[in-house]
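J.: predicted model and sequence follow; I will ask about them next.
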Amino acid sequence: MPSTALLMSDNRDPVLAKPTGPTLTYPALAFALNALYSCAHGYDLLYYRMVAPDCRHAKQGTRHASYCKLPAIAHALEKYSTVVFIDSDSFVQRRNLSVPALLREYAPPPRASPANPAVWFANDLPQLGERPNGGFHVWLKDASGGAARLLRTWWHLPAGKYSVEHDYEQHALQWALSQLKQAVPLM
């Protein structure tokens, strides 16, 4: 089994029964492009198809579907040492670069990077600054369990109105998780 998986999650189907120009959807196109990328680099492509239109937290209740990426990533990390989450309407544009090459290409300067990160986030430059982006992140399984702790913390952060309002889980990522003293060295 490959050690790296590309992971997409959505409540829409990734493939269409009769794909034609007018019926193509973003998830179907992105899935096809990400399948080509994964095959070219020997990665598994995982698509977690949700059966409900939203997500549920045991104590906080209903959440937007985008929150479901967090347990999906945690599940994938049980089987893979590297899990690349990519939004279901996104694809890897630099298809000739492997995941390690992408990280080398776009990583911050060494002085700004943690020594042993558990996760690497794309950011919102140039429009919204250097805040981490919830649409593309690379999770690295480590012996200390840092990735799993970050995912649990992110999942259990109080969501308030962002449970069901934009910018959903990305709000918790940018304004809570990325500010926590214990989380910063892992990101």
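T.: Arrived safely, thanks for sending.
J.: please name the nearest non-neighbouring residue to D89.
T.: Excluding its sequence neighbours, the residue lying closest to D89 (CB to CB, 6 or more residues apart in numbering) is Y26, at 4.0 Å. Yep, even glycine has a C-beta here, placed from its N, CA and C like the rest.
J.: how deep is that neighbour tucked in, by neighbour count?
T.: Other residues within reach of Y26, judged by other CB atoms under 10 Å, total 14.
J.: Q179 is in contact with L157, correct?
T.: No: judged on CB atoms under 8 Å, L157 makes no contact with Q179 at a distance of 10.7 Å.
J.: between these two, point out the one with more neighbours.
T.: Set L157 next to Q179 and count neighbours by other CB under 10 Å: L157 wins out with 18 against 10.
J.: which residues sit in contact with the residue lying closest to the more buried one once chain neighbours are set aside?
T.: Closest residue to L157 apart from its sequence neighbours, by CB to CB, 6+ apart: A172 at 4.5 Å. A172 makes contacts with 154, 157, 159, 162, as judged by CB atoms under 8 Å, 6 or more residues apart in numbering.
J.: which pLDDT value goes with E130?
T.: Per-residue confidence for E130 comes out at a pLDDT of 79.
J.: go on, the one 5 residues further on?
T.: According to the model's per-residue confidence, G135 sits at a pLDDT of 92.
J.: just say helix, strand or coil for it.
T.: Of the three states, G135 takes strand according to DSSP: H, G, I helix; E, B strand; the rest coil.
J.: N123 is in contact with that one, correct?
T.: No: counting by CB under 8 Å, G135 sits too far from N123 to count as a contact (10.7 Å).
J.: quick one on the thing from earlier: which of the contacts of A172 scores worst on pLDDT?
T.: Scoring the contacts of A172 by pLDDT puts A159 last, at 91.
J.: list the residues that contact it.
T.: Contacts of A159 by CB under 8 Å, 6+ apart are 57, 60, 63, 67, 168-169, 171-172.
J.: determine which two of these are furthest apart.
T.: H57 and H171 (14.7 Å; CB to CB).
J.: doesn't F31 lie inside a strand?
T.: No: counting by three-state DSSP, F31 falls outside a strand, being helix.
J.: do you know how far the closest residue to it other than its chain neighbours is from L29?
T.: Nearest non-adjacent residue to F31, counting by CB to CB, 6+ apart: P14, 3.8 Å away. With distances taken as CB to CB, to the nearest Å, P14 is found 10 Å from L29.
J.: who's more crowded, the two?
T.: Taking other CB under 10 Å, P14 and L29 do not tie; P14 has more neighbours (20 against 15).
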